[in-house]
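K.L.:
have a look at this prediction, sequence included:
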Amino acid sequence: MKFAVLVFPGSNCDIDCYKAVEEAIGQKVEYVWHTSTDLSGYDAILVPGGFSYGDYLRCGAISRFAPVMNEVKKAAEEGKFILGICNGFQILTEAGLLPGALIRNSGLKFRCHQTPLEVVNNGNPFTNQYAEGDIINIPIAHGEGNYYCDDATLAQLEANKQIIFRYAGDTNPNGSVSNIAGVSNERGNVVGMMPHPERAINQLFGSEDGKKMFTSILNAWREQHGAAVNS
């Protein structure tokens, strides 16, 4: 399996994502600059966190016009796996690949700490190695992670099982509607989340609960190609 890690001016979690793929699943991974016009050689695309284009206008509002985003849209239509983390989540919503929007945290402060998440849907390429209802410990680091959508969109997310993660219990750090921490598109091959699973790969960093997201992607890809992951 081959991963692409997109790099925009201002990305700062691209190295984290690259190293997470290497350590968690040992698959091929390459950095891809935002001006690229070809993602055909990759099976999964990671859109990392950071402050792309300095977060001018709105987070992700400029990045969504980068040439590589046309290729990300094509990849999504082809069913390839796309994961947007933090600023990557913001970029995917700005690009229309995911529903809703990310706005300023309700407390108007940057939040950076470990956060418990509930796995709401484990029938997804990104979560198939978790159990539904698992509580996992994943760090956050954002100032505009407050997920918002209207009532009709929320009902649709619920009905289609597009809510992938929620902040567990009463730990919602940013005011997100319905405690939402991560969602998918209807097809399930595009996921965005504010917490950083790539920073939870090794217990030395405080948690290794993010590792199963990467093994889940590999498992889903191998099942598509007729070979299950060896546990």
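P.N.:
Nice, thanks for sending it over.
K.L.:
remind me, longest helix of the chain?
P.N.:
Longest helix in the chain by number of residues (criterion: DSSP state H): helix 211-224.
K.L.:
so what secondary structure elements neighbour that one?
P.N.:
Packing partners of helix 211-224 (3 or more CB pairs under 8 Å, 6 or more residues apart in numbering; DSSP states H and E): helix 14-25, strand 81-85. From N, CA and C alone the C-beta is placed, and that goes for glycine too.
K.L.:
point out the most buried one among these.
P.N.:
Among the helices and strands packed on helix 211-224, strand 81-85 has the highest mean neighbour count (mean count of other CB atoms under 10 Å), at a mean of 28.
K.L.:
please list the residues outside it that contact it.
P.N.:
With contact meaning CB atoms under 8 Å, 6 or more residues apart in numbering, strand 81-85 is reached by 13, 17, 43-49, 72, 75-76, 90-92, 97-98, 125-126, 189-198, 213, 217, 220-221.
K.L.:
before we move on, back to that, same list (the helices and strands packed on helix 211-224) but as a markdown table, adding mean pLDDT and distance to Q156.
P.N.:
As requested, the helices and strands packed on helix 211-224 are exported to a markdown table (pLDDT from 0 to 100; distance: least, CB to CB, whole Å):
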| stretch | mean pLDDT | distance to Q156 |
| --- | --- | --- |
| helix 14-25 | 97 | 29 |
| strand 81-85 | 98 | 19 |
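K.L.:
would CSV of the ones you listed with distance to R58 be doable?
P.N.:
Shown next, in CSV, are the helices and strands packed on helix 211-224 (distance: least, CB to CB, whole Å):
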stretch, distance to R58
helix 14-25, 21
strand 81-85, 15
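K.L.:
nearest to V32 among those would be which one?
P.N.:
helix 14-25 (9.5 Å; CB to CB).
K.L.:
hmm, who's touching the following helix or strand past that closest one?
P.N.:
Later in the chain than helix 14-25, the nearest helix or strand by DSSP states H and E is strand 28-33. Outside strand 28-33, the residues within contact range by CB under 8 Å, 6+ apart are 1-7, 14, 18, 21-22, 39, 42, 68.
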